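>>> sequence first, predicted model second:
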Amino acid sequence: MPKINGNEIRPGNVLEHNDGLWAAVKVEHVKPGKGGAFAQVEMKNLRNGSKLNERFRSADKVERVRLEQKDMQFLYETDGMLVFMDTETYDQVELPADILGDRRPFLQDGMTIVVEFYESEALNATLPQKVTCQVTETEPVVKGQTAANSFKPAILDNGVKVMVPPFIAQDEMIVVNTETMEYSERA
C-alpha cells in the first residue's frame, strides 16, 4: 500500500493508523508562529465509528488504503442491520443501519448503492447522489408568489422535511440531493 506524507491527507482518504482503518473527515492545515506546520486531522474509525483527532507533520508517513467499491442492491432491514446483495454473485452482506446516518430514510427497496470493501470486509455504504421522492404534505401553491429564493417546507414520503420552491404541489415527485439533503429538481 502507498505511504503518503502527513500534509497530503485529504478528507475522504482512508488511512491505516494505530492498527485500525480510519477515514479522514476533516483536515485543517495549521502553520503556527513557532515550530513546524502540521495537519490537524479528524478521523472516524470505519469498524466501530469512534472518532480521533490526530496531528501529522509533513515528515510523518501514513499508510493510505484503497477500498474496493462494488455496486450492490438493497434487499431489506433486519434487527438494525441492512442487507445488501451483489447483483453478479448474489452474495449477501450485512451492514449496521446507522452507517448511513441521517440519510437512512432515503434508502429505498431495490436501490443500487455503492458498498466499500477492504479485502473481503464490508466497511461503508454510500447512497446515489440523487434520489426521487414524493411530496406528501406541503402548503398549497399561491399565485403571484414568485419572489426570488422563497421556499416552503414539505414533508416527503419517507418522513424527511425539505424546503421546496413555491410551485411544487402535494403528491408531486421531486429529486433530492442526498449529500446536502436539499431539493434538486422536479422528477
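Yep, it's here.
>>> how about low-confidence regions in this protein?
1, 142-149 (pLDDT under 70).
>>> center of it - which residue?
The C-alpha lying nearest the average C-alpha coordinate of the chain belongs to Thr126 (Cα atoms, centre = their mean; 5.3 Å).
>>> residues making contact with stretch 83-96?
By Cβ atoms under 8 Å, 6 or more residues apart in numbering, the surrounding residues in contact with stretch 83-96 are 70-77, 80-82, 112-113, 115, 122, 124-125. Heads up, the C-betas are built off the backbone N, CA and C, glycines and all.
>>> residues in contact with the residue nearest to the centre of the chain?
113-114, 116.
>>> return the member of those nearest to Leu52.
Set against Leu52, the nearest of the contacts of Thr126 by Cβ to Cβ is Glu116 (19.5 Å).
>>> does that closest one touch Gln69 like I think?
Yes - using Cβ atoms under 8 Å, Glu116 is in contact with Gln69, at 5.5 Å.
>>> more neighbours, the two?
Applying other Cβ atoms under 10 Å to Glu116 and Gln69 shows that Glu116 carries more neighbours, namely 18 against 12.
>>> so that one is in which element?
Element membership for Glu116, per DSSP states H and E: strand 112-118.
>>> sheet-wise, list the partners of that strand with their directions.
strand 68-78 (antiparallel), strand 121-126 (antiparallel) (DSSP bridges).
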